[in-house]
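J.: got a predicted structure plus its sequence, pasted below:
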Amino acid sequence: DSGVTQTPKHLITATGQRVTLRCSPRSGDLSVYWYQQSLDQGLQFLIQYYNGEERAKGNILERFSAQQFPDLHSELNLSSLELGDSALYFCASSPRGREVSYNEQFFGPGTRLTVL
Amino acid sequence: DQQVKQNSPSLSVQEGRISILNCDYTNSMFDYFLWYKKYPAEGPTFLISISSIKDKNEDGRFTVFLNKSAKHLSLHIVPSQPGDSAVYFCAASALDTGNQFYFGTGTSLTVIP
């Protein structure tokens, strides 16, 4: 158990809909990262938040947005869903992420999104 | 543009033998590399890392080798055990991208008892 929790575990929805994925980082971790893993793909970095502020942006579509709340949990909002958005979405956390240092990231179990 | 590549989608090894998983990268600015292991229905878990100032890092049965000139790293598992059967991802990071990781597509390792 990494200490990172994600809800829901599975989500099935229809094209055009909007969903929200939730992530609670490990206690004390300030950085939250979101990744997308599509079929036969590696983990694609979407976005990072550090202590409530956006820190880095990867290949995140404009239809997707995220935020990190004062209690450090994060939500990833996916709107106008398309079939191609079906994927595993992972959240990870690390203690730091702002200063120049490296930290391993601790991953949650993921949310499997199926768009029909 | 896949900056980190794992060209072998799968690998089968006999129990007790050595498993060698390979990873190539294109960005010469990468200076920190990690290996993650993933079981089905779980998130990836950190296995071992290496900084670009080293060419080898060892942790028990796991050793990571880095060849900067070839932009290549490898993970050696000796001896391989059935519990090592999982998908292994390599990841890389560069100083100027903060803690952003670039992941490969993974290699599925099967250790045959």
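T.: Happy to help now that I have it. Numbers count the residues shown, from 1 in each chain, chains lettered A, B, ... in the order given.
J.: what's the spacing between A:F107 and chain B?
T.: 3 Å (CB to the nearest CB, to the nearest Å). For every residue, glycine as well, the C-beta is placed using N, CA and C.
J.: spatially nearest residue to that residue (excluding sequence neighbours)?
T.: Closest residue to A:F107 apart from its sequence neighbours, by CB to CB, 6 or more residues apart in numbering or on different chains: B:G43 at 3.3 Å.
J.: tell me the centre residue of chain A?
T.: Here the mean C-alpha position of chain A is nearest to the C-alpha of A:W34 (CA atoms, centre = their mean), at a distance of 2.8 Å.
J.: would you say that residue is within a helix?
T.: No - assessed with DSSP: H, G, I helix; E, B strand; the rest coil, A:W34 is strand; it does not lie in a helix.
J.: in this structure it contacts A:S74, no?
T.: Yes - using CB atoms under 8 Å, A:W34 makes contact with A:S74 at a distance of 7.3 Å.
J.: tell me who's in contact with the residue of chain B found nearest chain A.
T.: Going by CB to the nearest CB, chain A is nearest to B:G43 of chain B, at 3.3 Å. The neighbours of B:G43, taking CB atoms under 8 Å, 6 or more residues apart in numbering or on different chains as the test, are A:S2, A:V4, A:F90, A:A92, A:F107, A:G108, A:P109, A:G110.
J.: let's see if you can find the most crowded of those.
T.: Compared across the contacts of B:G43, A:A92 has the highest neighbour count, 30 neighbours, by other CB atoms under 10 Å in any protein chain shown.
J.: so what's that one bridging to?
T.: With DSSP bridges as the criterion, A:A92 is bridged to A:Y33, A:F107.
J.: what's the spacing between it and B:V64?
T.: Separation of A:A92 from B:V64 (CB to CB, to the nearest Å) stands at 20 Å.
J.: please apply the same query to B:P82.
T.: The value you get for B:P82 to B:V64, if CB to CB is used, is 22 Å.
J.: do A:P95 as well
T.: In this view, A:P95 and B:V64 are 22 Å apart by CB to CB.
J.: so between these two, which is more surrounded?
T.: More neighbours surround B:V64 than the other of A:P95 and B:V64, with 24 against 16 (other CB under 10 Å).
J.: beyond the helix or strand encompassing the more buried one, next helix or strand please.
T.: According to DSSP states H and E, B:V64 maps onto strand B:62-67. Scanning forward in sequence from strand B:62-67 by DSSP H and E, the next helix or strand is strand B:72-77.
J.: number of nearby residues for residue 35?
T.: If you meant another chain, say so; for now it's chain A. 24.
J.: wait, chain B was what I had in mind.
T.: B:W35 has 23 nearby residues by other CB under 10 Å.
J.: pLDDT score assigned to it?
T.: We have a pLDDT of 96 for B:W35.
J.: that one and B:L109, how far apart?
T.: Relative to B:L109, and taking CB to CB, B:W35 is found at 11 Å.
J.: shared neighbours of these two, anything?
T.: By CB under 8 Å, 6+ apart, the residues touching both B:W35 and B:L109 are B:L21, B:Y88.
J.: residues contacting B:T107?
T.: So B:T107 contacts B:Q6, B:S8, B:P9, B:S10, B:L11, B:L21, B:N22, B:V87, B:Y88 (CB under 8 Å, 6+ apart).
J.: residues in a beta bridge with it, which ones?
T.: What pairs with B:T107, by the bridge criterion (DSSP bridges), is B:Y88.
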